[in-house]
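In: make a model of this:
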Amino acid sequence: MPKEIERKFLLKNDSWRTGAVSRSLLCQAYARFQGDTHRLLRVRLTDDQAFLTLKGPACGCTRSEFEYPIPHRDAEEILKIFCGPGQIEKYRYRVPSGRHVWEVDEFLGANAGLVLAEIELNAPDESFDLPDWIGREVTGEVRFYNARLLEHPYREWNGDERK
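Out: Predicted coordinates for the structure are as follows:
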């Protein structure tokens, strides 16, 4: 069964920008299974690609994930027909560091001001180096899940929620 093993962090500063090797604009939305807040379907569009992803409940930094490329036009229709209102828009930067490539997401729109870094691993206990721009780990904190950010955008957070 395909698994996603991912850890997520806040950033201390924006010095990561000097190491970024690419930037893509991502637009994504979600459809939840009836009454289930832990399983969802994501539709993601980039400039030239589209993906349909099924995500299962998280257990620590691991969750089931099935991702499939789909035609761009199909993704646009799925967004209209199946996904709730609103979309997450963000720039995704790829930043190599050590043996890994970090993905840094700079959110736009209602989530502007939020910047998160993610690292995908091969095992939950895989070691990795923390670049000096990495801050507090937020893996498993539901408020930082993209689907949750649609329901409670970052710009609506109070000071305590932003810590």
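In: ramachandran angles for the spatially most central residue of the chain?
Out: Geometric centre of the chain, nearest residue: residue 146, 5.7 Å, by C-alpha atoms, centre = their mean. For residue 146, the backbone dihedrals (degrees, to the nearest 10) come out as phi -60, psi -40.
In: mind listing the helices for the chain?
Out: 72-82, 146-151 (DSSP state H).
In: what's the last one packed up against?
Out: Counting by 3 or more C-beta pairs under 8 Å, 6 or more residues apart in numbering; DSSP states H and E, the packing neighbours recorded for helix 146-151 are strand 22-32, strand 40-45, strand 88-97. No exception for glycine: its C-beta is placed from N, CA and C like everyone else's.
In: of the ones you listed, give the one that comes closest to residue 82.
Out: The closest of the helices and strands packed on helix 146-151 to residue 82 is strand 22-32. By C-beta to C-beta, the value is 4.4 Å.
In: let me see the contact set for residue 141.
Out: Neighbouring residues of residue 141 by C-beta atoms under 8 Å, 6 or more residues apart in numbering: residue 8.
In: what about the residue nearest to residue 147 when sequence neighbours are not counted, how many neighbours?
Out: Closest residue in space to residue 147, ignoring its immediate chain neighbours: residue 30 at 4.5 Å, by C-beta to C-beta, 6 or more residues apart in numbering. Under the neighbour criterion other C-beta atoms under 10 Å, residue 30 is assigned a count of 24.
In: i'd like the first residue to be 49 from this point on
Out: Sounds good: first residue 49 from here, last item residue 78.
In: is residue 78 bridged to anything, and to what?
Out: residue 90 (DSSP bridges).
In: so it makes contact with residue 90?
Out: Yes: with contacts counted by C-beta atoms under 8 Å, residue 78 reaches residue 90, the gap being 5.4 Å.
In: what number of residues lie near the closest residue to residue 86 other than its chain neighbours?
Out: Leaving aside its sequence neighbours, residue 86 sits nearest to residue 105 (C-beta to C-beta, 6+ apart; 3.7 Å). Neighbours of residue 105 under the rule other C-beta under 10 Å: 11.
In: quick check: residue 105 vs residue 79, distance?
Out: Using C-beta to C-beta, to the nearest Å, residue 105 is found at 16 Å from residue 79.
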